[in-house]
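A.B. asks: test case, fold it:
(2 chains)
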Amino acid sequence: KGATKDKAEQVAATESGQAAQQKLPALSALEEDDEFEEFDVDDWKKGDEDKEDSTAWNDNWDDNDMEDDFSKQLRVELEKVSQPEAMAVSN
Amino acid sequence: MSGADRLSQAAFKFKALHNAKNSAEFAQIIKIDSQYTTTVLRDVWNADGNWNALLTQQGTTAISELSLMHFRASVEFCQGNFVEAYACQLSSYQAFLRAFSNMDRWGVHPLLAMCKDLYLLACRADYQLTRTEQPASKLEEATRAINQGFSMCMTDREPLLNISRKWGTYHLANLLFALYLRQKAFNMCNSMIRAIKTSELPSLDQFPMGDQVTFRYYRGLLAFQGEQLAAAKRDMVFALEHCHRDAYRNRTRILMRLTPIMMIEGSMPQSRLLRRYPPINELYGGLARAAMLGDLCQFDAIMQDKEQLLVSLGTYTAVEHVRRIAVRQLLYKIYLIDGKSSRLSFQRVRAGFWIAGLGDVSVFEIESILADMVSVGFIKGYLSHEHGVAVLSKQQPFPPIKSVLAASK
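C.D. replies: Now for the predicted structure:
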């Protein structure tokens, strides 16, 4: 009976665990990133939602102050170059 | 108790649950790896030392057939024979469908459980077949089978709505989206959306939130692919706002498509969003920053670096549209540096582009770029080809980006 039970364990438990798990890496390699995962619950209320992300967008960023490195560099270099109109006039 | 008796006992359990319309328990034990299934199989093996009882028994009713094939599928699954497991699961499922035609809403939960296992096994079967260089068409077959279940839900004639199978429609549609997308069958997705639209279902907002969010995510995804950006935005924003707060990876998936849509409209992701979702920062953060700065050179460099990833997501074209914003920013800075003169010379812009690392851009190209800016409304004014300048409007020659993009809709 002990030997049979071991065999049963081997079939039902070990094989189930091992065989299924051996194949798991293979399946995850097939997983598509676009595929939505199942939610832990089917339904929920507003309290389980989060509006933070939908408001985390910057609409009024285009009146920037030119204090960044890129803008400063651009200003410095551009001011070194004489204005073409000025050159044309002086000729 | 012999193995055969144990199996009969199990079949009886399925029958009893079926008669009692015990949706939850039926759905639970029908899973291929359920505790109940494992226990029954262990008992059979303990009693007989082989699977003969399982292999020789015949199912005489839909439920007994379902039960037997389910146990066979589970044995094959435990042994890693996914092709065989899939075949048994399909038989079990088809037996279930015969019974399902007489079930009302209670049958939906078990149907879903079986469909999900069918999907899982089909994927693994195909993987195994591919590995052994055989044709792998189980996923395609499983899709057709699941579609049958889906139809049986959507077209249920049950007059009492609260016990109608219709309540399973969206959950199954969502499973089908995943299957179709895996097979790149976008037209099937769109057909399905149309079929749902024309069927007599309760409105989407009456379904569980999980169904709503998932459906709108997929519908938004397809709209995005079809370049219907306004429709895509509506669905993606809904999905984001109503997605369960703990479903981090799903939220990230939504943002993968929503972020470029927002950027095209001139709304840039705030740093708190980028911090919260490193994958979004990784893909779009640099582009957003470069666009805001007007650092066209950096923008182009990142586009090139991320090209493969963006193309595989289908967001490359969208991000290209954001480039125009970067151009506007650079021009605006040149304008500011030159003291907001109402004449912006092509040569001056050329110098600015050179300094910004874009190399020697021809005057002709500069003029084209400025013409484009004027035509889309980023610059108010007109071009004088003879004088080589853009004559800028006295009032707001560079209108705020968002207002320009909103007006262009």
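A.B. asks: report the buried residues of the one helix or strand B:A326 maps to.
C.D. replies: If you go by DSSP states H and E, B:A326 is part of helix B:316-337. Residues of helix B:316-337 classed as buried by neighbour count (16 or more other CB atoms under 10 Å in any protein chain shown): B:316, B:318-319, B:322-337. In this view, the C-beta of every residue, glycine as well, is placed from N, C-alpha and C.
A.B. asks: same thing with stretch B:128-148?
C.D. replies: Under the neighbour-count criterion of 16+ other CB under 10 Å, stretch B:128-148 has B:128-129, B:136, B:138-139, B:141-143, B:145-147 buried.
A.B. asks: and the end-to-end length of that stretch?
C.D. replies: Distance across stretch B:128-148, first residue to last, is 26 Å (CA to CA, to the nearest Å).
A.B. asks: measure B:Q183 to chain A for me?
C.D. replies: B:Q183 sits 10 Å away from chain A, taking CB to the nearest CB, to the nearest Å as the criterion.
A.B. asks: could I get the full set of strands for the chain?
C.D. replies: I'll assume chain A. Using DSSP state E, the strands assigned to chain A run over residues A:57-58.
A.B. asks: nope, chain B
C.D. replies: For chain B, the strands defined by DSSP E occupy B:268-269, B:343-345, B:381-384, B:389-392.
A.B. asks: for the chain, give me the ranges with low pLDDT.
C.D. replies: In the absence of a named chain, this looks at chain A. Regions of chain A meeting the criterion pLDDT under 70 cover residues A:1-32, A:63-64, A:82-91.
A.B. asks: try again with chain B
C.D. replies: B:408-409.
A.B. asks: quick one: is the longest helix along it near chain A?
C.D. replies: Criterion DSSP state H: the longest helix present in chain B is helix B:108-131. Yes: residues of helix B:108-131 are located near chain A by CB under 8 Å from any CB of the partner chain, namely B:120, B:123-124, B:127.
A.B. asks: so for chain B, the centremost residue is which one?
C.D. replies: The centroid of chain B falls nearest to B:Y218 when counting by CA atoms, centre = their mean (4.4 Å).
A.B. asks: residue contacts, that one?
C.D. replies: A:36, B:174, B:177, B:181, B:189 (CB atoms under 8 Å, 6 or more residues apart in numbering or on different chains).
A.B. asks: can you do 6 Å?
C.D. replies: Under the criterion of CB atoms under 6 Å, 6 or more residues apart in numbering or on different chains, the neighbours of B:Y218 are B:F177.
A.B. asks: please tell me how far stretch B:186-205 is from the chain's geometric centre.
C.D. replies: Relative to the chain's own centre, stretch B:186-205 is displaced by 16 Å; criterion: CA atoms, centre = their mean, to the nearest Å.
A.B. asks: what's around B:C115, how many residues?
C.D. replies: Close neighbours of B:C115, defined as other CB atoms under 10 Å in any protein chain shown, add up to 23.
A.B. asks: gap between it and B:S267?
C.D. replies: 39 Å (CB to CB, to the nearest Å).
A.B. asks: swap in B:S164?
C.D. replies: Applying CB to CB to B:S164 and B:S267 gives a distance of 41 Å.
A.B. asks: what does B:D117 give?
C.D. replies: Distance from B:D117 to B:S267, by CB to CB: 42 Å.
A.B. asks: those two: which is more packed in?
C.D. replies: The neighbour count for B:D117 versus B:S267, taken as other CB under 10 Å, is higher for B:D117 (24 against 20).
A.B. asks: quick check: that one touching B:S34?
C.D. replies: No: using CB atoms under 6 Å as the test, B:D117 is too far from B:S34 to be in contact (9.9 Å).
A.B. asks: ranking the strands of chain B by burial, who's on top?
C.D. replies: strand B:268-269 (a mean of 26; mean count of other CB atoms under 10 Å in any protein chain shown).
A.B. asks: chain A contacts on the stretch 251-400 of chain B?
C.D. replies: Proximity of the stretch 251-400 of chain B to chain A (CB under 6 Å from any CB of the partner chain) is limited to residues B:262, B:267-268, B:270, B:272-273, B:292-293, B:295, B:333, B:337, B:345, B:347, B:351-352, B:355, B:400.
A.B. asks: only the buried subset of these, as a PyMOL command please.
C.D. replies: Typed into PyMOL, the next command selects the buried ones out of these (criterion: 16+ other CB under 10 Å):
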select buried, chain B and resi 262+267+268+270+273+292+293+295+333+337+345+347+351+352+355
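A.B. asks: narrow the residues of the stretch 251-400 of chain B next to chain A to those in helices?
C.D. replies: Per DSSP H, these map to helices at B:262, B:272-273, B:292-293, B:333, B:337, B:347, B:351-352.
A.B. asks: for chain A, which segments are assigned as helices?
C.D. replies: A:2-8, A:16-30, A:69-80, A:84-90.
A.B. asks: now the helix holding B:A326 against helix A:69-80, angle please.
C.D. replies: Taking axes from the mean of the first three to the mean of the last three CA atoms, to 10 degrees, one finds helix B:316-337 and helix A:69-80 inclined to each other by 50 degrees.
A.B. asks: now B:K333: how far from B:G286?
C.D. replies: Taken as CB to CB, the span from B:K333 to B:G286 is 19 Å.
A.B. asks: no further queries at this time; thank you.
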